[in-house]
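Participant: Just a sequence and a predicted model for now, questions to come.
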Amino acid sequence: MAGSLPTRIISDGLFRRISVAHRKDCTMDVFQKCYQFTAAKEAIASGYYPYFIPLTENEGTEVVFRGHRLIMCGSNNYLGLTSHPKVREAAIQAVKRYGPSCTGSRFLNGTLELHEQLEHELAEWVGKQAALIFSTGMQVNLGTISALVSRGDVIILDKDDHASIVDGARLSCGEIQRYRHNDMAHLERVLASLPEEKCKLLVVDGLFSMEGDVAPLPEMVPLCKKYGTRLMVDDAHAMGVLGKGRGTAAHFGMSDQVDLIMSTFSKSFASLGGFVAGDEPVIHYVKHHARALIFSASPTPASAAAALEALHIMRDQPELVDCLDQNAQFMRTGFRQLGFNIGNSTTPIIPVIIGDDQLTFLTWKLLFEAGVFVNPVISPAVAPGRQLLRTSYMASHTRAQLERVLGIFEQVGKQVGLI
Ligand SMILES: Cc1ncc(COP(=O)(O)O)c(C=O)c1O
């Protein structure tokens, strides 16, 4: 067991301490805050630092940290495809054929036919006319939102939207309006308060990454239509998971009513990169205006080839998504039977809500030592009182692994008084 819990650091919120510059201490030196930033180092020294954990092995459902084997319940590898032999082989063959990098942006010299093939197949997969791939999902949101929303336009966000959406909105220079998480009455009040003649874009996570709940598109789409607002859904966590793998809009049978769908390759696609899909003229415009696309190198051949192979597996083996659903259902039932608070999750992202910074870190540490890898999440990543352990599951987890995870949760939950 590591040293005592660093109360000052933890209660002050490590995320907050990391992200907020020590402005009040600022001198003439822009580096001053760096030399004064001790929170993370104190946490490392105390053994309660849960970030940047360097793994020596990663076999998908199990990982190794300094000889210590853990069951991975904190990844986004929902379909377990990072260890699929065909996905690995596709990446290897792409390196052999094209080399490790395209050494340039899509715009000038970094486009391969492979990129375009992936775009065509992704557009078809999500039921849109066209798609455009970027080198990360973060860049999709930065580039697409800032290309489409201009000064004087309005961008409407759910308060729990992912940071990449928020940053894309900031970069756009549009006016940002936010509504309470999944609160459609509040969304309507916000939309009704905006001048009719303003151009408006609503961007929302399809499947929310922290609490595993889903955006209510059947209520949201009519509101967007009523108030002349375009809708973009971030399906980073929903692709491969909801709608038989095709995402949130497909889950609700509304693919033709959502204007733009984006997703990342860094989760179910077992790769790196991302895409946005929509009507051809809109994608064509983004392609020629998104700075995050034009001024950044294209996805590596290995990344594109791995994502394409993962897409083929999703398309040809729909039983993988069923398997993921069954594992998720097994875990939600198990946690609820043990008495844990798992919020409103209906998906493979299952939060164990703790509601206190210190207890969240303590529980994380005990689980880690007992062989379960999860992610502690505290404010401001979640609202105060919603501090949680983010757990997530894969199609490739075995029943024996999942039973072991529940057993360890039961033992630790009792030890810390959560259940
Ligand atoms: C909802 C959401 N959108 C976008 C991204 C960014 O994706 P990427 O990892 O490809 O940059 C993430 C990644 O964490 C995410 O969770």
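Facilitator: All right, it came through fine. Note that the coordinates shown come from a computational prediction; the quantities given were computed from them, not determined experimentally.
Participant: Check the spacing between residue 386 and residue 234 real quick.
Facilitator: Distance from residue 386 to residue 234, counting by CB to CB, to the nearest Å: 20 Å. To be clear about C-beta, it is placed using only N, CA and C from the backbone, and glycine gets the same treatment.
Participant: Name the residue in these two with the higher neighbour count.
Facilitator: Under the criterion of other CB atoms under 10 Å, the comparison of residue 386 against residue 234 puts residue 234 first, with 33 against 18.
Participant: How about that one: what's its closest non-neighbour residue?
Facilitator: residue 205 (4.9 Å; CB to CB, 6 or more residues apart in numbering).
Participant: so who does that neighbour touch?
Facilitator: Residue 205 makes contact with 158, 160-162, 165, 215, 233-234, 236-237 under the criterion CB atoms under 8 Å, 6 or more residues apart in numbering.
Participant: Looking at the stretch 51-200 of the chain, what residue ends up closest to the ligand?
Facilitator: The ligand sits closest to residue 137 of the stretch 51-200 of the chain, with a gap of 2.4 Å, by CB to the nearest ligand atom.
Participant: Thought residue 163 was touching that residue, still the case?
Facilitator: No: counting by CB atoms under 8 Å, residue 137 does not reach residue 163; the two are 11.1 Å apart.
Participant: just checking, residue 201 is part of a strand?
Facilitator: Yes: under DSSP: H, G, I helix; E, B strand; the rest coil, residue 201 sits within a strand.
Participant: can you confirm residue 78 is in a strand?
Facilitator: No: membership of residue 78 in a strand is not supported by three-state DSSP, which gives coil.
Participant: list the buried ones in the helix or strand encompassing residue 367?
Facilitator: Per DSSP states H and E: residue 367 is located in helix 357-370. With burial defined by 16 or more other CB atoms under 10 Å, the residues of helix 357-370 counted as buried are 357-368, 370.
Participant: Check which helices and strands whichever helix or strand comes after it sits against.
Facilitator: Scanning forward in sequence from helix 357-370 by DSSP H and E, the next helix or strand is strand 372-373. Packing contacts for strand 372-373, counted by 3 or more CB pairs under 8 Å, 6 or more residues apart in numbering; DSSP states H and E, involve strand 68-72, helix 399-416.
Participant: near the ligand, which residues of the stretch 251-400 of the chain?
Facilitator: Contacts of the stretch 251-400 of the chain with the ligand, taken as CB under 6 Å from any ligand atom, map to 264, 266, 274.
Participant: Neighbour-wise, which one of these leads?
Facilitator: residue 274 (30 neighbours).
Participant: is it in a bridge, and if so with what?
Facilitator: Following DSSP bridges, residue 274 is listed with bridge partners residue 134, residue 264.
Participant: hang on, isn't it packed against residue 136?
Facilitator: Yes: if you go by CB under 8 Å, residue 274 and residue 136 touch, sitting 5.8 Å apart.
Participant: Residue 275 and residue 170: what is the separation?
Facilitator: 22 Å.
Participant: What segments of the stretch 151-300 of the chain are helices?
Facilitator: When assigned using DSSP state H, counting those that start in this stretch, the helices of the stretch 151-300 of the chain occupy the ranges 163-172, 184-192, 217-226, 248-251, 280-289, 291-294.
Participant: before we move on, the earlier item: ok, and the most crowded of the contacts of residue 205?
Facilitator: When neighbours are taken as other CB under 10 Å, the top entry among these is residue 234 (33 neighbours).
Participant: Quick check: residue 46 vs residue 67, distance?
Facilitator: For residue 46, the distance to residue 67 equals 21 Å [CB to CB].
Participant: more neighbours, these two?
Facilitator: residue 46 (18 against 7).
Participant: OK, contacts around residue 110?
Facilitator: Contact analysis of residue 110 by CB under 8 Å, 6+ apart lists 102-104, 297-298.
Participant: Turn those residues into CSV, columns for distance to residue 336, neighbour count and pLDDT.
Facilitator: Listed next are the contacts of residue 110 as CSV, based on distance: CB to CB, whole Å; neighbours: other CB atoms under 10 Å; pLDDT from 0 to 100:
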residue, distance to residue 336, neighbour count, pLDDT
102, 48, 21, 96
103, 51, 11, 96
104, 51, 13, 96
297, 46, 14, 98
298, 45, 26, 98
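Participant: which pair in those spans the largest distance?
Facilitator: Spatially, the most separated pair among the contacts of residue 110 is 103 and 298, at 9.1 Å (CB to CB).
Participant: Tell me the confidence at residue 12?
Facilitator: What the model reports as pLDDT for residue 12 is 43.
Participant: Which strand residues bridge residue 246?
Facilitator: As assigned using DSSP bridges, the partners bridged with residue 246 are residue 239.
Participant: quick check: longest helix of this protein.
Facilitator: Using DSSP state H, we find that the single longest helix of the chain is helix 319-338.
Participant: What mean pLDDT does that helix get?
Facilitator: If you average the pLDDT over helix 319-338, you get 98.
Participant: pLDDT score for residue 235?
Facilitator: We note a pLDDT of 98 for residue 235 in this prediction.
Participant: Apologies, that question was intended for residue 7.
Facilitator: At residue 7, the pLDDT value in this model is 45.
Participant: before we move on, what about residue 379?
Facilitator: 83.
Participant: Likewise for residue 263?
Facilitator: As predicted, residue 263 sits at a pLDDT of 98.
Participant: I'd like to check which residues are in contact with it.
Facilitator: Contact analysis of residue 263 by CB under 8 Å, 6+ apart lists 126, 137, 234-236, 238-239, 247, 269, 274-275.
Participant: just those now: which is nearest the ligand?
Facilitator: Among these, residue 137 lies closest to the ligand (CB to the nearest ligand atom), at 2.4 Å.
Participant: So what's the residue count around the closest one?
Facilitator: 25.
Participant: again with residue 343
Facilitator: Per other CB under 10 Å, the neighbour tally for residue 343 reads 16.
Participant: Repeat that for residue 271.
Facilitator: 28.
Participant: Is it correct that it is in contact with residue 311?
Facilitator: No: the criterion here is CB under 8 Å, and residue 271 misses it with residue 311 at 9.8 Å.
Participant: Next one: the residue nearest to residue 92 when sequence neighbours are not counted from residue 125, what distance?
Facilitator: For residue 92, ignoring the flanking residues on the chain, the nearest one in space by CB to CB, 6+ apart is residue 302 at 7.6 Å. The gap separating residue 302 from residue 125 is 20 Å, by CB to CB.
Participant: Next: residue 387.
Facilitator: Going from residue 387 to residue 125 by CB to CB gives 36 Å.
Participant: so where's this structure shaky on pLDDT?
Facilitator: The model of the chain has pLDDT under 70 over residues 1-27.
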